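# just coords:
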């Protein structure tokens, strides 16, 4: 293959097809999956699958899960993912709280630390706190290899450069090299993304996730993570999903973003007044705009404010949608730490061939990888 056609070397090809196999092992859970099934579902030859699984077992990433009866010949060996083989750190850097979580290779949480935090204290003290908590978490957990740390924080931010933009209410963070600094401090690869994008990524990789949905997060701020056609919509600068800064009242109160009458400032004001039903109606107006604009399959609500009154918010948003003739179902993400778990998936997803912009499994690369 010519260089100008984007040729890929053999180690990279091996990594790609191994990721396909690992993802099927992940999906099979504890019951496991046979080599023959892996070959059928990946499109790889049985010989290629055998070589890939042998390598994964040698590296401790896969293990035997017993045997399954065969229609002829000896019983088939069933393989499963070995979750304890590797781990990832997920960091949720909120405006007033820091959550640091350790997951295994399958994304299951195994340890967690939480502490109050003031994002306005500045990058130095805040990143000191992140460094301290991650180190303490790893020391307490005492688990195996750590692949890296995913960091999720309020946007807007540039995920490619690993730097926040003008975070609403905290403009002093704009342009700070968060990813580079934390990677140096922790001695780990670091991925930085917006909090709502991280949560949406984690949700999209759950079994049975809808192909298109909006994760609407109402906590210390308001934003959305968008998954369309199985792909996380981030935008070139991670600017997609700034739901909170839709103007819904032209002469409304000023917002920290510089606008007036933003959905976020109106919604948070209702929350502060102790009016969750009112906040839910405002949130419903924003959700309706998303459904109309993007034709999504489902609206998922989450965040600290929503979890304080989940039925009120779900019912309120449903009523607004139904009143407008919109049929997208509304659900609530019950996990308080959905953002931190999603942050860990920023690191784990590529291991399973799930790049954030392409969450569905794609087919195998040339069978040369199995030779």
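Perfect, thanks for sending it. The structure presented is a predicted model; accordingly, all values stated were derived computationally and were not measured. Residues are numbered from 1 along each chain as shown.
# What residues sit buried inside stretch 229-238?
Buried positions in stretch 229-238, judged by neighbour count with 16 or more other Cβ atoms under 10 Å: 231-235, 238. C-beta coordinates here come from the backbone N, C-alpha and C atoms, glycine included.
# typo on my end, it should be stretch 308-328
In stretch 308-328, counting by 16+ other Cβ under 10 Å, buried: 309-310, 312-314, 316-318, 320-321, 326, 328.
# Determine which two of those residues are furthest apart.
Using Cβ to Cβ, those span at most 22.1 Å, a distance reached by 309 and 326.
# follow-up on the earlier one: inside strands: which ones of the buried residues of stretch 229-238?
If you go by DSSP state E, the buried residues of stretch 229-238 have 231-233 in strands.
# contacting residues around the nearest residue to residue 281 once chain neighbours are set aside?
Of all residues beyond its chain neighbours, the one nearest residue 281 is residue 316 (5.4 Å), with distances taken as Cβ to Cβ, 6 or more residues apart in numbering. With contact set as Cβ atoms under 8 Å, 6 or more residues apart in numbering, residue 316 has these partners: 276-277, 279-281, 283-284.
# Helix or strand: which one has residue 316?
helix 310-323 (DSSP states H and E).
# How far does the following helix or strand past that helix sit from its chain's centre?
Following helix 310-323 in sequence order, the next helix or strand is strand 330-332 (DSSP H and E). Averaging C-alpha positions (Cα atoms, centre = their mean, to the nearest Å) puts strand 330-332 18 Å from its chain's average.
# do stretch 191-210 as well
Worked out by Cα atoms, centre = their mean, stretch 191-210 lies 3 Å from the chain centre.
# in that stretch, what's buried?
Buried residues in stretch 191-210 (16+ other Cβ under 10 Å): 191-205, 209-210.
# Among those residues, which are located in helices?
195-204 (DSSP state H).
# would you turn those into TSV with distance to residue 346 and pLDDT?
Shown next, in TSV, are these (distance: Cβ to Cβ, whole Å; pLDDT from 0 to 100):
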residue	distance to residue 346	pLDDT
195	11	96
196	13	97
197	9	96
198	6	97
199	11	97
200	11	97
201	7	96
202	9	96
203	13	96
204	12	95
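# Just the closest of those to residue 242, please.
Checking those against residue 242 with Cβ to Cβ, the nearest one is residue 196 at 9.1 Å.
# Now do the contacts for the residue nearest to that closest one when sequence neighbours are not counted.
Of all residues not flanking residue 196 in the chain, residue 225 sits nearest, at 3.8 Å (Cβ to Cβ, 6+ apart). Applying Cβ under 8 Å, 6+ apart to residue 225 gives the contacts 194, 196-201, 203, 214-215, 217, 232, 241.
# residue ranges with poor pLDDT in the stretch 51-200 of the chain?
For the stretch 51-200 of the chain, the stretches with pLDDT under 70 are 69-73.
# change it to 90
Scanning the stretch 51-200 of the chain for pLDDT under 90 picks out 65-77, 142-144, 155-156, 166-169, 171.
# Just the helices from it, written as ranges.
Ranges of helices within the stretch 51-200 of the chain are 123-141, 178-186, 195-204, based on DSSP state H, counting those that start in this stretch.
# And the contacts of the shortest one?
Under the criterion Cβ under 8 Å, 6+ apart, residues 123, 127, 130-131, 134-135, 149, 151, 153, 161-164, 189-192 lie in contact with helix 178-186.
# Residue 216 sits in which helix or strand?
With DSSP H and E as the criterion, residue 216 is inside strand 213-218.
# Give me the sheet partners of the very next helix or strand once past that strand and which way each runs.
Once the chain leaves strand 213-218, the next helix or strand it forms, by DSSP H and E, is strand 222-228. Strand pairing for strand 222-228, determined by DSSP bridges: strand 213-218 (antiparallel), strand 231-233 (antiparallel).
# Of the ones you listed, which is nearest residue 291?
Per Cβ to Cβ, nearest to residue 291 of the strands paired with strand 222-228: strand 213-218, 7.9 Å.
# just the angle between that closest one and helix 310-323, please?
With axes from the mean of the first three to the mean of the last three Cα atoms, to 10 degrees applied, the angle from strand 213-218 to helix 310-323 works out at 130 degrees.
# Output the buried residues of stretch 308-328 in TSV, with distance to residue 334 and pLDDT appended to each entry.
Output for the buried residues of stretch 308-328, formatted as TSV (distance: Cβ to Cβ, whole Å; pLDDT from 0 to 100):
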residue	distance to residue 334	pLDDT
309	13	98
310	7	98
312	15	98
313	12	98
314	11	98
316	17	98
317	16	98
318	17	98
320	21	98
321	20	98
326	24	97
328	19	95
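# In terms of distance to residue 17, which of those residues ranks first?
Once Cβ to Cβ is applied, the member of these that ends up nearest residue 17 is residue 328, at 36.6 Å.
# follow-up on the earlier one: format the buried residues of stretch 308-328 as TSV; extra columns: distance to residue 339.
Output for the buried residues of stretch 308-328, formatted as TSV (distance: Cβ to Cβ, whole Å):
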residue	distance to residue 339
309	19
310	16
312	21
313	17
314	19
316	22
317	20
318	24
320	25
321	24
326	26
328	22
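# so how far is residue 106 from the residue nearest to residue 196?
For residue 225, the distance to residue 106 (Cβ to Cβ, to the nearest Å) stands at 21 Å.
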